[in-house]
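K.L.:
Here's a sequence, model it:
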Amino acid sequence: MDIAGRMVSSIGICAVLLISGCGTAQKPIDDAAIASGVKARLVKAFGPIEARQVSQFDRGADGQTITYISVTSAGGVVTLTGEVGSKLAKTKAGEIARGVPHVVRVINNLSLAPGYSDDAVGGNR
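P.N.:
Residues are numbered from 1 along each chain as shown. Modelled structure (predicted):
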């Protein structure tokens with residue numbers, strides 16, 4: 001086979017491989033299902049999570065719970081925002097989100113509730 005014949009043959013093989021690879025497209029990520037899965041696991045671990053942010057004054061001195069967590073997902077990247085009672089709770093929430101199927105990455109933007117964080121009580125929570 002001459003050089004031109006080998007080039008045509010090589011081009012044909014590449015075209016077949018390229019076309020056959022197109023049929024293996026990945027299923028699109030269902031961000032709504034990911035966010036729902038993260039929320040469900042957070043509720044299971046921490047109890048009810050309020051649908052709105054509550055100020056420390058409204059919460060009261062005994063309100064040592066997660067008061068507000070918003071969960072969004074875009075392209076499998078989960079973003080957690082809101083307020084938690086301790087560094088431990090923040091870390092745990094991030095780990096829970098990472099454990100949900102199809103989560104690519106977690107951006108943990110949770111903040112510590114003023115007056116309720118483990119910083120305020122010496123890390124005992």
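
K.L.:
what about the nearest residue to Ile29 once chain neighbours are set aside, neighbour count?
P.N.:
With sequence-adjacent residues excluded and distances taken as Cβ to Cβ, 6 or more residues apart in numbering, Ile29 is closest to Gly76, at 4.6 Å. (Each C-beta comes from the backbone N, C-alpha and C, glycine too.) A count of nearby residues for Gly76, using other Cβ atoms under 10 Å, gives 15.

K.L.:
swap in Val71?
P.N.:
Applying other Cβ under 10 Å, I find that Val71 has 23 neighbouring residues.

K.L.:
What's the first helix or strand after the stretch of helix or strand it belongs to?
P.N.:
Assigned by DSSP states H and E, Val71 belongs to strand 68-74. Sequence-wise, the next helix or strand downstream of strand 68-74 (DSSP H and E) is strand 77-84.

K.L.:
hmm, back to that, helices or strands up against the strand holding Val71?
P.N.:
Judged by 3 or more Cβ pairs under 8 Å, 6 or more residues apart in numbering; DSSP states H and E, strand 68-74 is in contact with helix 31-46, strand 77-84.
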